[in-house]
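1. Compute the structure for the input listed below.
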Amino acid sequence: MTTQTESMTAAFEQAMESFKKTSEAVLNMQQEAIQQWTGMWPTAMAEQANPLKQFQEIQKRCGNTMTDLLKRHREVVDKQYDEAVAALEEAVRMGESHSPDEFRTRLEQLCRRSLELMRHASEAQLKEFQEALAKWSETVSSATS
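-> Numbers count the residues shown, from 1 in each chain. Next comes the predicted model:
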């Protein structure tokens, strides 16, 4: 029994480490993108004939982009919360197990589901970030042209 627990603990720790590395990579990508964007703004604004009008257009595009991104983010977060509530309900039902084997089976299923949920969450975050980066890059490039 302790070997199974140790192997499940090791798998969970490995998944958490992977999730941590993914989160760090996303954070680094975000920081690099921000540095590139801030580097583009002064030259983009200086090259325009009417900077005020151009700034207002960029501001409008940014507002629309942010609204779209936040709506998508809310949808993703709502889905993640629904899945987390279902997993929590499943964890509560583990106490209804009638035998150690049934408990072990339910625990394995719960651990697998939790790992799958974490994987889906990190993939969704990465996809959201990539979409945001693409939209912002498109906004900045269209503003400079």
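2. on contacts alone, who are the packing partners of the helix or strand hosting Tyr81?
-> If you go by DSSP states H and E, Tyr81 is part of helix 51-92. Under the contact criterion of 3 or more CB pairs under 8 Å, 6 or more residues apart in numbering; DSSP states H and E, helix 51-92 touches helix 2-46, helix 100-144. (C-beta placed from N, C-alpha, C; glycine too.)
3. Most tightly packed of those?
-> Ranked by mean neighbour count, the helices and strands packed on helix 51-92 are led by helix 100-144 with a mean of 15 (mean count of other CB atoms under 10 Å).
4. what about it, distance to the chain center?
-> 5 Å (CA atoms, centre = their mean, to the nearest Å).
5. Can you check which of the helices and strands packed on helix 51-92 gets nearest to Lys60?
-> helix 100-144 (10.0 Å; CB to CB).
6. Would you mind getting the angle between that closest one and helix 51-92?
-> Helix 100-144 runs at 180 degrees relative to helix 51-92, counting by axes from the mean of the first three to the mean of the last three CA atoms, to 10 degrees.
7. which stretch in the helices and strands packed on helix 51-92 has the least confidence?
-> Least confident of the helices and strands packed on helix 51-92, judged by mean pLDDT, is helix 2-46 with a mean of 75.
8. Return the distance of the spatially most central residue of the chain relative to Val85.
-> The residue lying closest to the centre of the chain (CA atoms, centre = their mean) is Gln125, at 1.6 Å. The spacing between Gln125 and Val85, counted by CB to CB, to the nearest Å, is 19 Å.
9. Could you do Trp136 as well?
-> 33 Å.
10. what does Leu27 give?
-> 27 Å.
11. cool, and Glu13?
-> Separation of Glu13 from Val85 (CB to CB): 25 Å.
12. How about Ala134?
-> From Ala134 to Val85 the distance is 32 Å (CB to CB).
13. how about the residue nearest to Gln125 when sequence neighbours are not counted, what does it touch?
-> What sits nearest to Gln125 in space, not counting adjacent residues and going by CB to CB, 6 or more residues apart in numbering, is Val26, at 6.3 Å. With contact set as CB atoms under 8 Å, 6 or more residues apart in numbering, Val26 has these partners: 125-126, 129.
14. Thank you, goodbye.
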